[in-house]
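> using only what follows, build the 3D model:
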Amino acid sequence: MEQKKKRKELKRKLLHKYRLVILNESTFEEKISFKLSRLNVFVTGTLMIIGLIGFTTLLIAFTPLREYIPGYSSTALKRQATDLTYKTDSLVAVLNYTNRYIENIRQVLSGDIETSQINPDSVYESIKLEPSQIDLSPIREDSILRAEVALEDRYNLFEQPTFDGSILLFTPLSGTISQDYDPDYKHFAIDIVAVKDTPVKAVASGRVIFSEWTAATGYVVILKHDQDLISVYKHNGSLTKEQGSIVRAGEVIATVGNTGELTTGPHLHFELWKDGNPVDPENYIDFN
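Alright, predicted model coming up:
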């Protein structure tokens, strides 16, 4: 009974009407009047507070004011910092390559190259040898090797092309090779395991002919180089170059990721194609 009386009293207080009147101070003329209750004041105040909080949140989230809040960094600044990091890494690689090239030129010009191991007389002696004096019959090991090579070539679906040596191929990524090139299982690439977001670099200068997302292999970028050489980079976490862009050897083009349906962890699926045929990248690039 006591509890019921308290509820009624509370309800009466909440719903009891009050009149708010605004008067003219000189004439006491009533200008505006409102009928209010404590419940109305409470609900109205709560809604105003919620609306103010929502408006402030939207104002901070979608206007430049957020950059003035400590600890709330700008997305554009983060992206710019990431791009600068990639460019710095690319410039360091190009600088190291340039320094090695200049050092080689300096050695050639200054004559610092060791030539003591070269015996000029050996060339002359080889010319003097008579073929009839040399035993050219194949040894047993040589015959076995020739038979194995012939057997492999018999079932080889692709003719392995060669380069003329004018293209210097860089390592796209330093890491552990988890799966080798295996055409028998239609794995025309090597998989290189590395830490996520590690920069992926172009193996040679060329043009980006594809830079998009695919469902099976995630973010993919494909470069076309001289001598009908094409390099393919799959399962990237992000791409830094767009289709049609010109890239230089050693320049960052993507980051290591784990995207696409056909991936089991952060790695780079790297393919190398010559004249429309896949080749083993380890035959042309030193991954050690």
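
> buried sites along stretch 18-30?
By 16 or more other C-beta atoms under 10 Å, stretch 18-30 has no buried positions at all. (C-beta placed from N, C-alpha, C; glycine too.)

> oops, could you answer that again for stretch 280-288 instead?
D280, P281, I285.

> the spatially closest residue to the second one that is not a sequence neighbour: what secondary structure?
Nearest in space to P281, with sequence neighbours left out and distances taken as C-beta to C-beta, 6 or more residues apart in numbering, is L272 at 4.4 Å. For L272, the assignment made with DSSP: H, G, I helix; E, B strand; the rest coil gives strand.

> which strand residues bridge L272?
Beta-bridge pairing of L272 under DSSP bridges involves S231, V279.

> and V256, by the same measure?
With DSSP bridges as the criterion, the beta-bridge partners of V256 are N236.

> look at it and say how many residues are nearby.
23 (other C-beta atoms under 10 Å).

> C-terminal to the helix or strand containing T56, what's the next element?
Using DSSP states H and E, T56 maps to helix 38-61. Downstream of helix 38-61, the next assigned helix or strand under DSSP H and E is helix 75-110.

> next one: that next one to chain centre, how far?
18 Å (C-alpha atoms, centre = their mean, to the nearest Å).

> which helices and strands sit right next to it?
Secondary-structure packing of helix 75-110 (3 or more C-beta pairs under 8 Å, 6 or more residues apart in numbering; DSSP states H and E): strand 199-201, strand 252-256.

> on the three-state scheme, G244 is what?
Assignment for G244 (three-state DSSP): coil.

> OK, contacts around it?
By C-beta atoms under 8 Å, 6 or more residues apart in numbering, the contact list for G244 reads R207, V208.

> need the pLDDT of it.
At G244, the pLDDT value in this model is 92.

> if I look at it, how far off is N258?
To N258, G244 is 27 Å away according to C-beta to C-beta, to the nearest Å.

> quick one, domains of the chain?
With domains defined by automatic domain parsing, the chain comprises 12-61, 73-112, 176-283.

> quick one: mean pLDDT over the second one.
It refers to domain 73-112. Rounded mean pLDDT across domain 73-112 is 76.

> likewise for stretch 193-208?
Averaging pLDDT along stretch 193-208 yields 93.

> now do the strands in the stretch 151-288 of the chain.
Ranges of strands in the stretch 151-288 of the chain, per DSSP state E, counting those that start in this stretch, are 176-179, 190-193, 199-201, 206-214, 218-225, 229-239, 246-247, 252-256, 267-274, 277-279.
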